[in-house]
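Trainee: let me see the structure of the following:
(2 chains)
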There are 2 protein chains.
Amino acid sequence: RATVVIEKETPENERPETFLRSADESHSSAAESPSTVRARFERMIREAQDEVCAAIEAEDGIGKFREDVWSRPGGGGGISRVLQDGGVWEKAGVNVSVVYGVMPPEAYRAAKGGDSVEKPGPLPFFAAGISSVLHPKNPFAPTLHFNYRYFETDAPRDLPGAPKQWWFGGGTDLTPAYIFEEDVKHFHQVQKQACDKFDPSFYPKFKKWCDDYFLIKHRGERRGLGGIFFDDLNDFDQELLLAFATECAKSVVPAYVPIINRRKETPFTEQNKAWQQLRRGRYVEFNLVYDRGTTFGLKTGGRIESILVSLPLTARWEYDQKPEEGSEEWKLLDACINPKEWV
Amino acid sequence: RATVVIEKETPENERPETFLRSADESHSSAAESPSTVRARFERMIREAQDEVCAAIEAEDGIGKFREDVWSRPGGGGGISRVLQDGGVWEKAGVNVSVVYGVMPPEAYRAAKGGDSVEKPGPLPFFAAGISSVLHPKNPFAPTLHFNYRYFETDAPRDLPGAPKQWWFGGGTDLTPAYIFEEDVKHFHQVQKQACDKFDPSFYPKFKKWCDDYFLIKHRGERRGLGGIFFDDLNDFDQELLLAFATECAKSVVPAYVPIINRRKETPFTEQNKAWQQLRRGRYVEFNLVYDRGTTFGLKTGGRIESILVSLPLTARWEYDQKPEEGSEEWKLLDACINPKEWV
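Mentor: Numbers count the residues shown, from 1 in each chain, chains lettered A, B, ... in the order given. This is a model prediction of the structure:
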C-alpha cells in the first residue's frame, strides 16, 4: 500500500484565524463571495471544539483544557485541547486539524477515461476534522467518542477536466462499562433525532454501520454500545451533508453531558473500577489495531500526541477474565457481542 | 494480503506427550530411528517452559502458574501458563504451541521453476514455538520477553519434487523502566556468550536486528534495551541452528533471574510507578501495532488469550509527557532512542 506523506508540524504560540491556504477561503476574491465548503467546515469544527470544551469544563468543575496549536509549512495545522486528571474526566481530548497532503493517484476513485498512457501523478488532498475522546473517572460514567471530517481531492494533474471529489465521514459513539438503559436510550435517541432531520434512512443505516465498524474482530465483540458512524459519504447533496455533519456535532453535548451529570458521583467498588479498566484495555485494542484514523495517522506521520490522546489514561489486561453469567459486567459484554436496538 | 487459516482450538484436561501428528514424530517407524527436527524442537520448548516456570515460581515465592492446555482437531495445540498478581511478577506468561496450518502459496519463497501455468495450491505449514513475557511489579525490575520458533513448509502440491523449507526465529530482550548498567551489561553478556558458542557474527548481527525490530516507528524509540533477535534464519546448518535456539532458551534464566533478585525489593515512589506504567503503554503500542507474532496471531484466529497474555496487567498514557533532561527517566528514553553497545 503506497504511502501518504504529510509534512512535520511546527508549534505555534497563537491560534490563527484559519488554517486554510488563502486560495481556499472563498470562491473569489470579492469580499461578499460565498465561503468554500472547506472554509465553512473549518469554521464549524472550530466552533464545535469551543462548545464541547466549554461544556466539559463546566461539568468537570476542576479540570481545564491545555491547548497546543501547530501548523505545517505548506498550509494546514491544528489545535489539540486536552484535560487530564480533572474532577470528572480522567482524560478528555478534543482536537481539530486541517491537512493538506499528497496521496498516491490510485486513491482517485473516478474511472480514468480513455486510453491515456501517461502515468497519473500524485494527488493533492485536503482533509479537515474534529476528533474527540472523553474518558471519565467514574466506572458508571461512559466514555464518548466523536469525529466529523471532510475530505477533498483535486483532479489528478494529467486529467485537468476531471471533477474534484469530496466526502464526509464521522460519527458519535458511547462506550460504557455498565449499562443504564435510560442513558443508552437517551444517547441513541439524540443521534436518531439529528439523523431524522435529514433523511429517514440515516439513523438505521448509520447505527448499523457503527456496530459493524467498532468490532474488535479478534474478540468478536464491539468496543461499546455504538451510536452512528458513516464514511466516504458523497451520494447526497453536499450542502445537505455539511448541514448534517454540523447537526451531529451540535448534538454531542445534549447527547452526552446529561448522562455524565447523572453518573459522575455514583459510589463504586474496586471491582467496578477494575472492570472499567479491562474495558479500557479493549478500547486500546480497537484503536491501535483497527481504527482507521489512528492507524492512518501513525503511518503517515501525523502529530503522535494528538492521535494517541484517544488512549485512556490507564488500562488493564487480565488473562482469560470472564464475567459471571447474569452479572452486570456480563450484560455489558453481551450487548457488545450482540448489538441491540435502543430506540 | 492473503490469509492463513488455523482451526479453532479445543480445551484439553491433560498435557499430551506430544502435539505432533504421528507421522512427524520420527523419520521412520522403527523405534531407534532418529527424531525429526519437529519432534526435537517441540521437546526443547516444552523443557524450556518447565524450566523457566519453575525458576519464576521459585523467585516469586507466592504466585503459581495456572495452566491451560488445548489442541486442534487436525493436529497441534499448546500449553499456556500464566502467573498473575504474584509476589514479584504482576503478570508472567510462558506459552508453547504447535500449529499445523495452510498458507497462501506466495509464501513459498523458492523461485518457481519453468513455465507452469497451473495455479499453485495452498501450502501446508508447521510452526512450533515458545513465547514468554514476564512483567514484574517493582518499577526497578525489568520486563523480559523471549520467543524461539521453528517453521517448516511442505513443497507446494504442484511442485512435488521441490524441497521443504525451514526457518528458525526468535530472540530474548530486556525492557526496564530504569537503567542499572550492571543489569543491562549482565543481560547482554549472557546473550553474547550464547551466540559466541556458535558463530562470532551472531551477537553483533542479532543485537542490531533486535534494536531494529523493536522500534516503535511512530515514536522513533525502541520499547526497551534490546538483546538478540533473528528471523527467517536458514543459511546455517539446521543442526547448528537447533542447538543455537536451544542454547538461547537455556540462557533465559541465568540472564534474567539474577537481575530480578537484585531489584525486586527496591523501594520506589509513586512517580517511579507512573513512569513504569507509561513504559508499559509503549509496550502495548509496540505489541499491538508492530509485533509480527501478535498481529499475525490476531489475524489468523490463534488463541486470543494466549496471544494477548504478552500485554501488561496495567498500562498508562499521559498526553505529551516528557521526562526532564538528565533525569533517570530521560536516560532510559535516550537509550531507547539511541541504542547503545552494552558489552
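
Trainee: which residues in the stretch 201-343 of chain A form helices?
Mentor: When secondary structure is read from DSSP state H, counting those that start in this stretch, the stretch 201-343 of chain A shows helices at A:202-213, A:238-250, A:252-263, A:270-289, A:292-300, A:304-307, A:328-337.

Trainee: could you dump those helices to CSV with mean neighbour count, distance to A:T36 and mean pLDDT?
Mentor: C-beta: built from backbone N, CA, C; applies to glycine. Converted to CSV, those look like this (neighbours: other Cβ atoms under 10 Å in any protein chain shown; distance: least, Cβ to Cβ, whole Å; pLDDT from 0 to 100):
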stretch, mean neighbour count, distance to A:T36, mean pLDDT
helix A:202-213, 19, 25, 98
helix A:238-250, 18, 11, 98
helix A:252-263, 19, 25, 98
helix A:270-289, 20, 32, 98
helix A:292-300, 16, 24, 88
helix A:304-307, 21, 25, 94
helix A:328-337, 18, 41, 98
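
Trainee: a markdown table please, covering those helices and showing distance to chain B.
Mentor: As requested, the helices of the stretch 201-343 of chain A are arranged in a markdown table below (distance: least, Cβ to the nearest Cβ, whole Å):
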| stretch | distance to chain B |
| --- | --- |
| helix A:202-213 | 17 |
| helix A:238-250 | 22 |
| helix A:252-263 | 20 |
| helix A:270-289 | 4 |
| helix A:292-300 | 4 |
| helix A:304-307 | 5 |
| helix A:328-337 | 14 |
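
Trainee: right, and these - which one's nearest A:I62?
Mentor: Nearest to A:I62 among the helices of the stretch 201-343 of chain A is helix A:252-263; the distance by Cβ to Cβ comes to 13.8 Å.

Trainee: tell me which residues are up against that closest one.
Mentor: A:48, A:51-52, A:55-56, A:59, A:88, A:132, A:134, A:136, A:138, A:140-142, A:144, A:146, A:172, A:174, A:180, A:183, A:186-187, A:190-191 (Cβ atoms under 8 Å, 6 or more residues apart in numbering or on different chains).

Trainee: identify those among these that sit within strands.
Mentor: Among the contacts of helix A:252-263, the subset assigned to strands under DSSP state E consists of A:S132, A:L134, A:P136, A:L144, A:F146, A:T172, A:L174.

Trainee: so what's the fourth one up against?
Mentor: If I follow you right, that is A:L144. Taking Cβ under 8 Å, 6+ apart as the contact definition, A:L144 lies against A:S132, A:V133, A:L134, A:T172, A:D173, A:L174, A:T175, A:V252, A:Y256.

Trainee: and these, which two are furthest apart?
Mentor: Based on Cβ to Cβ, the longest span within the contacts of A:L144 runs between A:T175 and A:V252 and measures 14.3 Å.

Trainee: what segments of the stretch 51-200 of chain A are helices?
Mentor: Under the criterion DSSP H, counting those that start in this stretch, helices of the stretch 51-200 of chain A are mapped to A:181-196.

Trainee: how about the residues of it near chain B?
Mentor: Residues of the stretch 51-200 of chain A lying near chain B by Cβ under 8 Å from any Cβ of the partner chain: A:R66, A:D68, A:V82, A:Q84, A:K91, A:G93.

Trainee: and which of the residues you listed is nearest A:S35?
Mentor: The shortest distance between A:S35 and any of those, using Cβ to Cβ, involves A:D68 and amounts to 26.5 Å.

Trainee: ok, the closest one - contacts?
Mentor: Residues in contact with A:D68 (Cβ under 8 Å, 6+ apart) are A:P11, A:I79, A:S80, A:R81, A:V82, A:E305, A:S306, B:D320.

Trainee: which of those lies closest to A:A243?
Mentor: Checking the contacts of A:D68 against A:A243 with Cβ to Cβ, the nearest one is A:I79 at 23.5 Å.

Trainee: how about the nearest residue to the residue in the stretch 1-150 of chain A that chain B sits nearest to, chain neighbours excluded?
Mentor: With distances taken as Cβ to the nearest Cβ, the stretch 1-150 of chain A approaches chain B most closely at A:V82, which sits 4.4 Å away. Nearest-residue entry for A:V82: B:Y319, 4.4 Å, with adjacent residues in sequence omitted and distances by Cβ to Cβ, 6 or more residues apart in numbering or on different chains.

Trainee: could you measure from that neighbour over to A:W330?
Mentor: Counting by Cβ to Cβ, to the nearest Å, the separation of B:Y319 from A:W330 is 33 Å.

Trainee: related to what we said a few turns ago, okay, the ones in strands among the contacts of helix A:252-263 in JSON lines with distance to A:Y203 and pLDDT next?
Mentor: What follows is the ones in strands among the contacts of helix A:252-263, written out as JSON lines (distance: Cβ to Cβ, whole Å; pLDDT from 0 to 100):
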{"residue": "A:S132", "distance to A:Y203": "21", "pLDDT": "98"}
{"residue": "A:L134", "distance to A:Y203": "22", "pLDDT": "98"}
{"residue": "A:P136", "distance to A:Y203": "26", "pLDDT": "98"}
{"residue": "A:L144", "distance to A:Y203": "18", "pLDDT": "98"}
{"residue": "A:F146", "distance to A:Y203": "16", "pLDDT": "98"}
{"residue": "A:T172", "distance to A:Y203": "12", "pLDDT": "98"}
{"residue": "A:L174", "distance to A:Y203": "15", "pLDDT": "98"}
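
Trainee: right, and A:K8 touches A:R303 too?
Mentor: No: using Cβ atoms under 8 Å as the test, A:K8 is too far from A:R303 to be in contact (9.1 Å).

Trainee: list the contacts of A:F214.
Mentor: Taking Cβ under 8 Å, 6+ apart, we find A:F214 in contact with A:D173, A:R222, A:R223, A:G224, A:G226, A:F229, A:F286.

Trainee: one more time with 6 Å, if that's ok
Mentor: Contact analysis of A:F214 by Cβ atoms under 6 Å, 6 or more residues apart in numbering or on different chains lists A:R222, A:R223.

Trainee: below-threshold pLDDT in the stretch 101-250 of chain A: ranges please.
Mentor: Per-residue confidence of the stretch 101-250 of chain A (counting by pLDDT under 70) places the weak regions at A:105-120, A:156-161.

Trainee: with adjacent residues omitted, what lies nearest to the residue in it that chain B sits nearest to?
Mentor: In the stretch 101-250 of chain A, the residue found nearest to chain B is A:H218; the distance is 4.3 Å by Cβ to the nearest Cβ. Spatial nearest neighbour of A:H218, chain neighbours left out: B:L298 (4.3 Å); criterion: Cβ to Cβ, 6+ apart.

Trainee: alright, I will stop here.
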